[in-house]
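Peer 1: sequence unknown, structure follows:
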């Protein structure tokens, strides 16, 4: 939502300033220039990227409308889920959670946390790690290496749509110059005609450069930067899960492993210890307090 507000503010400020200087809005309405720039940018995007990247860009832009899902509430929910899961492992053993890991969509525990189930990257990250642990014979150090490799591969894939959109943003000023050059060519063909006609062609050419720079630094570039931040947020979320799992696999008690994960949460979304303890142990519930 803030992305839409930001783009609206960019255009409002620029158009408002233009009107304050007694500019005429009709001069900026140059459909041909916009067609050249936007069409060429879309074409370069298609040429440079396979279909999977194009789909990822579309999904990433749609996700910007919702903002980053990795909030304090999401982290608290995850800490509670992992605490319940690890407690079950400690009491009943790893084999007791084999079906939860093999079929997470059917797990009675995971069904209480739909955000985690719908995040297939995080779900597979946790389940694949625990599936490997259940098979046995893998040292915690090697498990950590596998989780780190998994995170690196996923982060690289998540960054590709951002890089592609950034490349398009970088090309927009150049495409604006292309549109301006075409406008100059048209202007040169009008030499000897009425001055008003020449002025219109020159204005159209300059608007092409203006649009290319505006779309680069005011729209596409910021959208790519926002997508990258969400990709980084997802990587930080996986890192928290990695810290929790590794701590437990090394023999730490569930609450200690959860506390280790809490301290790995970025500061802007990190709950305090009391929040975490109340959420995990449901201290507000009488039966939990009695236990």
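Peer 2: Done, it's in. As the structure is a prediction and not an experimental result, all values here were calculated from the model. Numbering: from 1, shown residues only.
Peer 1: make it CA atoms for all contacts and neighbour counts henceforth
Peer 2: Will do.
Peer 1: residues contacting residue 280?
Peer 2: Residues near residue 280 by Cα atoms under 8 Å, 6 or more residues apart in numbering: 79, 80, 81, 83, 84.
Peer 1: Look up how far residue 35 lies from it.
Peer 2: For residue 280, the distance to residue 35 equals 55 Å [Cα to Cα, to the nearest Å].
Peer 1: again, but for residue 190
Peer 2: Distance from residue 190 to residue 35, by Cα to Cα: 22 Å.
Peer 1: cool, residue 112 as well?
Peer 2: According to Cα to Cα, residue 112 stands 49 Å off from residue 35.
Peer 1: Residue 7 now?
Peer 2: Residue 7 is 20 Å from residue 35, by Cα to Cα.
Peer 1: got the residue ranges for the helices in the chain?
Peer 2: 2-20, 25-28, 31-48, 51-64, 72-92, 98-102, 114-118, 120-135, 140-189, 195-215, 221-249, 254-264, 273-281, 286-290 (DSSP state H).
Peer 1: Going by mean pLDDT, which of those comes out lowest?
Peer 2: Mean pLDDT values for the helices of the chain show the minimum at helix 286-290, a mean of 34.
Peer 1: hang on, the earlier thing: is it possible to get TSV of the helices of the chain that adds distance to residue 108?
Peer 2: Output for those, formatted as TSV (distance: least, Cα to Cα, whole Å):
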stretch	distance to residue 108
helix 2-20	36
helix 25-28	59
helix 31-48	44
helix 51-64	28
helix 72-92	11
helix 98-102	8
helix 114-118	11
helix 120-135	14
helix 140-189	25
helix 195-215	48
helix 221-249	20
helix 254-264	19
helix 273-281	17
helix 286-290	19
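Peer 1: what's near enough to touch the residue nearest the centre of the chain?
Peer 2: Most central in the chain under Cα atoms, centre = their mean is residue 230, positioned 2.7 Å from the mean C-alpha point. Taking Cα under 8 Å, 6+ apart, we find residue 230 in contact with 67, 68.
Peer 1: Could you shift the numbering so residue one becomes 17, and keep it that way?
Peer 2: Done: numbering now begins at 17, and the last item shifts to residue 246.
Peer 1: and the gap between the residue of the chain positioned farthest from its centre and residue 160?
Peer 2: Farthest-out residue of the chain from its mean C-alpha position, per Cα atoms, centre = their mean: residue 208, at 54.0 Å. Computed as Cα to Cα, the residue 208 to residue 160 distance reads 75 Å.
Peer 1: got it, and residue 65?
Peer 2: Distance from residue 65 to residue 160, by Cα to Cα: 33 Å.
Peer 1: Which residue of the two possesses the greater neighbour count?
Peer 2: Of the pair residue 65 and residue 160, residue 160 is the one with more neighbours under other Cα atoms under 10 Å, namely 17 against 13.
Peer 1: Was I right to think that one contacts residue 262?
Peer 2: Yes. At 6.6 Å, residue 160 counts as touching residue 262 under the criterion of Cα atoms under 8 Å.
Peer 1: Residue 182: how many residues sit nearby?
Peer 2: For residue 182, the neighbour count with other Cα under 10 Å is 19.
Peer 1: OK, contacts around it?
Peer 2: When contacts are counted by Cα under 8 Å, 6+ apart, residue 182 touches 236, 237, 240, 241.
Peer 1: I'd like the distance between the residue nearest to residue 284 when sequence neighbours are not counted and residue 171.
Peer 2: The shortest distance from residue 284 to any non-neighbouring residue, by Cα to Cα, 6 or more residues apart in numbering, is to residue 88 (7.9 Å). As for residue 88, its distance to residue 171 is 21 Å (criterion: Cα to Cα).
Peer 1: Please identify the buried residues of stretch 122-142?
Peer 2: Across stretch 122-142, burial judged by 16 or more other Cα atoms under 10 Å covers 125, 126, 131, 132, 133, 138, 139, 140, 141, 142.
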